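> Pasting the sequence and the predicted coordinates here, then a few questions.
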Amino acid sequence: MKKQWKLLRPDPQMVRRICRHLRCSPVTATILANRGIVDEAGADDFFNPSLGHLTPPFTLPDAWPAVRRIQDALSENEKILVFGDYDVDGVTATALMVHFLSGIGAHVSHHIPHRTQEGYGLDESHITDVAVPAGVKLIITVDCGSASHTAVEAARRAGIDVIVTDHHHVGASMPNALAVVNPNRPDCSSGLKALSGVGVAFSLLVCLRKALREQDFWSRSTEPPLSAYLDLVALGSIADMVPMRKDNRILTRKGIDLINRAPRPGVRALLTAAGLGQGPIEADHIAFRLAPRINAAGRMDHARKALDLFLCNDALQADDIAQQLNLLNTNRQKVENHVMAQALDQLARSPDLLQPNSVVLADPDWHEGVLGIVASKLANRFHRPVAVLCDSAGMLKGSARSIPGIHLLNALSACATHLENYGGHALAAGLRLNRRQLTQFRQCFEQCVGDLTDPSTLIPQVIIDCELFFDQISDSLIDELTCLQPFGSGNPAPLFLAKNIEVVSWSPVGDNHRRMVLRQAGTPTRKLAAIWFNADNSQPAREIYHQIAFQLQWNHWNGNKYPQLLIVET
């Protein structure tokens, strides 16, 4: 698919002001200006994020009723059940809540549902089959619960209070819970709408710690530092692809620092299993190496394996669990590749399924656990929203993914008459529908996406921060770019343009990657190493590239580091 290259051109005066204030490279100042930094204070906060810059969470709706109920449960030694989701965000949020509550003496247990056997979210059966037999008096949901109306009512009838902590879309009405702590409530003015599920759980614990401090609770025990749990917040936030701006960026940056400085046994074991022994851990390592292994538990088996990894304190046990996750991830890759190949074959046999605005594919035998990944890859490949469905208990169930500029949940809401249920975010959602509604849903989804979409949105863009000549690349520049991490949604890794690039040499790496040595016409003595992932190695590299779009990074190897270009587009 042909892409449109767009070179950003920020206000030169703003760039100069940032450059003078931070004493940084004009290139770094340009990137900050491109990220919407408009003054010196904003540049300071972005370049040097601090926990002191976090938005106070004390105005989150229902935070204080939730805190008071947890305090009562502590004083009465009531049984608390933490109920989470089976993805990385839900697993880390569950681990965070269990660690903190058990650490302050709460009588706490946990439950994460099986993806295929139980499905997403708190269900009435979890009240009757899990909470009531265990004598639970308080349920705290994490990363779920905003749509669990029936389950909350069942809990009330059983004399169980429910505190919902979540960040998903809130529908026309909220469940009748004791508290619904969700920054995406229509009445929330906290400024924390972009938090992940684990970020919301962390925010509630900030409020709880404050209340316990005022209660003089810590005179009887040592007050636990919440910063010790920021590694979990970083893992969940990166995996859930929340915007890496403001609070998310601060929490994630400090969490990555903790992972590099003193990883907990489960994280250390996961790093080893993922082969990440070289150099510092960055957001990309979490997104592409750690998160898939954590998610593999819930996709291919049961997410409690991943939760056990974060709850255990024994290094040998952690190593064993991490190796199990490795095997599950290998199996996930095989199943994913199979489903992806079948999806592409379905499109090749029925080209009309590749509609102008959307794609909806279904196969009864596809594995439910990999549908989200396949939908995401198809959305990236065809640059339009995609829904991928399989058979589940006589219904069609699956995942949908969108692209920037097209709000997926709004499109699904417009198709609600054809759906049994749905929920999620602007870019990712789950849905379930009757098989007989597939054709109508496909037509409605195509129409609704078209109604919500400017045609230009469906033309993929390569957003370039600035043109960068090879002789401008220096160690100090790469160090400055490193300070702009963590990268992700809302703060993409800087992308540079270079023209008239000569290929000095190249060699394949596996089937799909390519190592290269490049130089730029006009500076023949400056040669730079480059890596190109997902290159077509069946074709030789061209001798000259008119232009390349690339990221700039350190490549760490054997205790050393050297500049490396990451080729994104040519």
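Looks like it came in fine.
> what pairs with N421 across the strands?
R432 (DSSP bridges).
> ok, it - contacts?
By C-beta atoms under 8 Å, 6 or more residues apart in numbering, the residues touching N421 are 147, 431-432. To be clear about C-beta, it is placed using only N, CA and C from the backbone, and glycine gets the same treatment.
> from what I can see C19 touches V27, true?
No. Counting by C-beta atoms under 8 Å, C19 stays clear of V27, with 9.3 Å between them.
> which of these two has more neighbours?
Between C19 and V27, counted using other C-beta atoms under 10 Å, V27 has the larger neighbour count: 22 against 19.
> is it true that the more buried one touches L468?
Yes. Counting by C-beta under 8 Å, V27 does reach L468; the two are 6.4 Å apart.
> Could you check the pLDDT of S399?
Note for S399: predicted pLDDT of 96.
> give the contact list for L481.
Applying C-beta under 8 Å, 6+ apart, the residues contacting L481 are 28, 31, 494, 552-553.
> Would you mind measuring from it to S173?
46 Å (C-beta to C-beta, to the nearest Å).
> Where do the helices of the stretch 51-200 of the chain begin and end?
Per DSSP state H, counting those that start in this stretch, the stretch 51-200 of the chain carries helices over the ranges 63-76, 88-103, 124-126, 149-157, 197-214.
> which of those helices is buried the deepest?
Among the helices of the stretch 51-200 of the chain, helix 88-103 has the highest mean neighbour count (mean count of other C-beta atoms under 10 Å), at a mean of 26.
> Just give me how far it sits from the chain centre.
17 Å (C-alpha atoms, centre = their mean, to the nearest Å).
> which secondary structure elements does it contact?
strand 79-83, strand 107-111, strand 136-142, helix 197-214, helix 230-239, helix 291-300, helix 304-311 (3 or more C-beta pairs under 8 Å, 6 or more residues apart in numbering; DSSP states H and E).
> Now with 10 Å, please.
helix 63-76, strand 79-83, strand 107-111, strand 136-142, helix 197-214, helix 230-239, helix 291-300, helix 304-311 (3 or more C-beta pairs under 10 Å, 6 or more residues apart in numbering; DSSP states H and E).
> nearest to D451, of these?
Set against D451 and scored by C-beta to C-beta, the helices and strands packed on helix 88-103 come closest in helix 197-214, at 30.2 Å.
> what's the angle between the closest one and helix 88-103?
20 degrees (axes from the mean of the first three to the mean of the last three C-alpha atoms, to 10 degrees).
> Tell me the helices and strands packed up against helix 197-214.
helix 63-76, helix 88-103, strand 136-142, strand 161-165, strand 179-181, helix 230-239, helix 246-261.
> Which one of those lies nearest to G394?
Here helix 88-103 is closest among those (C-beta to C-beta), at 26.2 Å.
> can you tell me the average pLDDT over that closest one?
Per-residue scores along helix 88-103 average to 97.
> start at 18 instead
OK, 18 is where the count begins now, so the last one is helix 105-120.
> Wait, a helix at V32?
Yes. Assigned with DSSP: H, G, I helix; E, B strand; the rest coil, V32 falls within a helix.
> so how far is S493 from it?
In terms of C-beta to C-beta, V32 sits 18 Å off from S493.
> Low-confidence ranges, this protein, go.
18 (pLDDT under 70).
> Pick out the residue nearest the middle of it.
D257 (2.1 Å; C-alpha atoms, centre = their mean).
> give me every residue that touches that residue.
D257 sits next to 102, 104-107, 109-110, 160, 184, 212-216, 265, 308, 442, 445, 505-506 when contact means C-beta atoms under 10 Å, 6 or more residues apart in numbering.
> Mind listing what's buried along stretch 337-355?
For stretch 337-355, a neighbour-count test (16 or more other C-beta atoms under 10 Å) marks 338-339, 341-343, 345-346, 348-349, 352-353 as buried.
> Show me what the helix ranked longest in the chain is packed up against.
The longest helix of the chain (DSSP state H) is helix 332-366. Packed against helix 332-366 by the contact rule (3+ C-beta pairs under 10 Å, 6+ apart) you find helix 282-290, helix 308-317, helix 321-328, strand 376-379, helix 388-399, strand 403-409.
> quick one: which of the ones you listed is nearest D178?
Between the helices and strands packed on helix 332-366, helix 321-328 lies closest to D178; by C-beta to C-beta that is 23.2 Å.
> any idea how far that closest one is from the chain center?
Chain-centre distance of helix 321-328: 18 Å, with C-alpha atoms, centre = their mean.
> Give me the packing partners of that helix, helices and strands only.
Going by 3+ C-beta pairs under 10 Å, 6+ apart, helix 321-328 lies up against helix 105-120, strand 124-128, helix 247-256, helix 282-290, helix 308-317, helix 332-366.
> tell me which residues of it are tucked away?
So for helix 321-328, counting by 16+ other C-beta under 10 Å, buried means 321-328.
> now it against strand 96-100, angle please.
Using the same axes, to 10 degrees: helix 321-328 against strand 96-100 is 120 degrees.
> Okay, angle between helix 321-328 and helix 282-290 too, please.
Using the same axes, to 10 degrees: helix 321-328 against helix 282-290 is 110 degrees.
> pull the CA atoms of stretch 383-390 into CSV?
Output of stretch 383-390 as CSV, limited to C-alpha atoms (Å, rounded to 0.1, in the frame of the first residue of the first chain):
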residue,chain,number,x,y,z
TRP,A,383,-10.0,-20.2,14.5
HIS,A,384,-8.3,-20.0,17.9
GLU,A,385,-10.0,-17.3,20.0
GLY,A,386,-6.7,-16.6,21.9
VAL,A,387,-4.9,-15.1,18.8
LEU,A,388,-7.7,-13.2,17.1
GLY,A,389,-6.7,-9.9,18.6
ILE,A,390,-3.1,-10.2,17.3
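> Report the buried residues of it.
Neighbour counts over stretch 383-390 (16+ other C-beta under 10 Å) mark 383-390 as buried.
> what would the helices of the stretch 68-217 of the chain look like in JSON lines with distance to L425?
As requested, these are exported to JSON lines (distance: least, C-beta to C-beta, whole Å):
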{"stretch": "helix 80-93", "distance to L425": "28"}
{"stretch": "helix 105-120", "distance to L425": "17"}
{"stretch": "helix 141-143", "distance to L425": "27"}
{"stretch": "helix 166-174", "distance to L425": "22"}
{"stretch": "helix 214-231", "distance to L425": "18"}
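> so which of those helices gets nearest T540?
That would be helix 105-120 among the helices of the stretch 68-217 of the chain, by C-beta to C-beta, at 43.2 Å.
> How is the closest residue to G389 other than its chain neighbours assigned, secondary-structure-wise?
Of all residues not flanking G389 in the chain, S416 sits nearest, at 3.8 Å (C-beta to C-beta, 6 or more residues apart in numbering). The three-state label given to S416 by three-state DSSP is strand.
> got a list of what S416 touches?
By C-beta under 10 Å, 6+ apart, the neighbours of S416 are 385-393, 403-407, 441, 445-448.
> Need the overlap of contacts for V44 and L485.
494, 511, 513, 569.
> I'm done for today, thanks for sticking with me.
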